[in-house]
Every structure is written in structure tokens, then in C-alpha cells.
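Student: sequence plus the predicted model coming up.
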Amino acid sequence: MHIHLIAVGQRMPKWVQAGYTEYAERMPPECKLHLVEIPAIKRTRNADLARITEQEGQRILDAIPSDCHVITLEINGASWDTLKLSKNMDNWLHGGRDVALLVGGPEGLSAACHQRADQHWSLSALTLPHPLVRIVLAEQVYRAWTVLKNHPYHR
């Protein structure tokens, strides 16, 4: 199984790249974490934010590999603790499909992304900066993996 983190935004600061890479590289070959960056559309003072969100959403949908289990990351999604995430990961592993985690731009995900999703997940009730979400997601996916493998990382 592969986990595809499909996120709006490119050219992240080095600390974001380093944090994400630290955890993504810890994942085993049978459960690789791949980052797919979607270019953000430039926002101007008079930009049509609804149209931009729809366009970015279409780019996200186009980037999802075929037959993926799709999970949106959003504030109104289900709140999972680490053990619930590890149970979900176990189900994904046994489901025989890749997983796509969708992270939208500043305005969130389009309605089309919400409709395509099989699950909706909230990392926190807090609003997190999108660069930080990448690191938190990578760490939590790694942590869930260690729970499944009884690795001492999660204590």
C-alpha cells in the first residue's frame, strides 16, 4: 500500500521539507508515504476564491491515483486518536487499495473533493498552517504504523 499525501502548495521552507522527510523516510517499503504537491493558484485582492478553490480541487482530484481510498483533511472531519488512526491504517492495509490524503489550500477543499472522499479526518479543532499539517500528518502516519508493529516509538 502507498499513502499519497496530495497537498496544495509548493516551495515549502526547508524546515517543512526536513520535518516531512524525517518521518516519510521512516515508513517501510510496504507502506510508503508519497508527497504530491499541487501548485497553489495566485490569490489577489479581488480574486474569486470560490473559483480558485474549485480549480485547485480539480487539480487535487486529477492527482489521485486510480482506485484509492480517499480521505479529506478538514476541521469538520472525524477526530481520531492515535489508536483509531492505527486501526484505520490496519483496515487500509488489508483493503488492498492505496490511500490518498487530501489537503486543500487556504480556503480548504472543494465540494468535489468532499464528495469524492471515503472518509473525512480532522487533525485538530485548531486551524493549523498548511506547511505544519504535512509534518503532523507524516509523524502521525508513522506513529500509527509503529503501533501496528508494536514498535516502542509510541509509548
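Tutor: That came through, no problem. Worth saying up front: this structure is predicted, and the values here are computed from it rather than measured.

Student: confidence score at G96?
Tutor: pLDDT, G96: 88.

Student: try R45
Tutor: 89.

Student: and it, what helix or strand is that in?
Tutor: In the assignment (DSSP states H and E), R45 maps to no helix and no strand.

Student: neighbours of it, how many?
Tutor: If you count neighbours by other CB atoms under 10 Å, R45 ends up with 4. All C-beta atoms are positioned from the backbone trio N, CA, C, and that covers glycine.

Student: backbone dihedrals for it, please?
Tutor: phi -60, psi -40 (degrees, to the nearest 10).

Student: same check on A125?
Tutor: Torsion angles, degrees, to the nearest 10, at A125: phi -80, psi -10.

Student: centroid residue for this protein?
Tutor: Centrality entry for the chain: nearest residue to the mean C-alpha point is L101, 3.4 Å, by CA atoms, centre = their mean.

Student: list the beta-bridge partners for that one.
Tutor: L5, I71 (DSSP bridges).

Student: first-to-last residue distance for stretch 64-73?
Tutor: 14 Å (CA to CA, to the nearest Å).

Student: please renumber the chain so that the first residue is 48 from this point on.
Tutor: That works, and once the first residue is 48, the last one we named lands at stretch 111-120.

Student: can you list contacts of it?
Tutor: For stretch 111-120, the external contacting residues (CB atoms under 8 Å, 6 or more residues apart in numbering) are 49, 51, 53, 139, 142, 144-151, 156, 160-161, 163-170, 180, 184.

Student: what is the burial count for L156?
Tutor: 23.

Student: again with E101
Tutor: 15.

Student: in contact with it, which residues?
Tutor: Counting by CB under 8 Å, 6+ apart, E101 has contacts S157, A158, A159.

Student: ok, the nearest residue to K79 once chain neighbours are set aside to H161 distance?
Tutor: Nearest residue to K79, sequence neighbours excluded (CB to CB, 6 or more residues apart in numbering): H49, at 5.0 Å. Distance, H49 to H161, using CB to CB, to the nearest Å: 23 Å.

Student: quick one: the strands in the chain?
Tutor: 49-55, 79-85, 116-126, 146-150, 166-169 (DSSP state E).

Student: from the ones you listed, which stretch is densest packed?
Tutor: With neighbours taken as mean count of other CB atoms under 10 Å, the strands of the chain reach their highest mean count in strand 146-150, at a mean of 25.

Student: where's the helix ranked longest in the chain relative to the chain centroid, distance-wise?
Tutor: If you go by DSSP state H, the chain has its longest helix at helix 177-195. Its chain's average C-alpha position is 9 Å from that of helix 177-195, according to CA atoms, centre = their mean, to the nearest Å.
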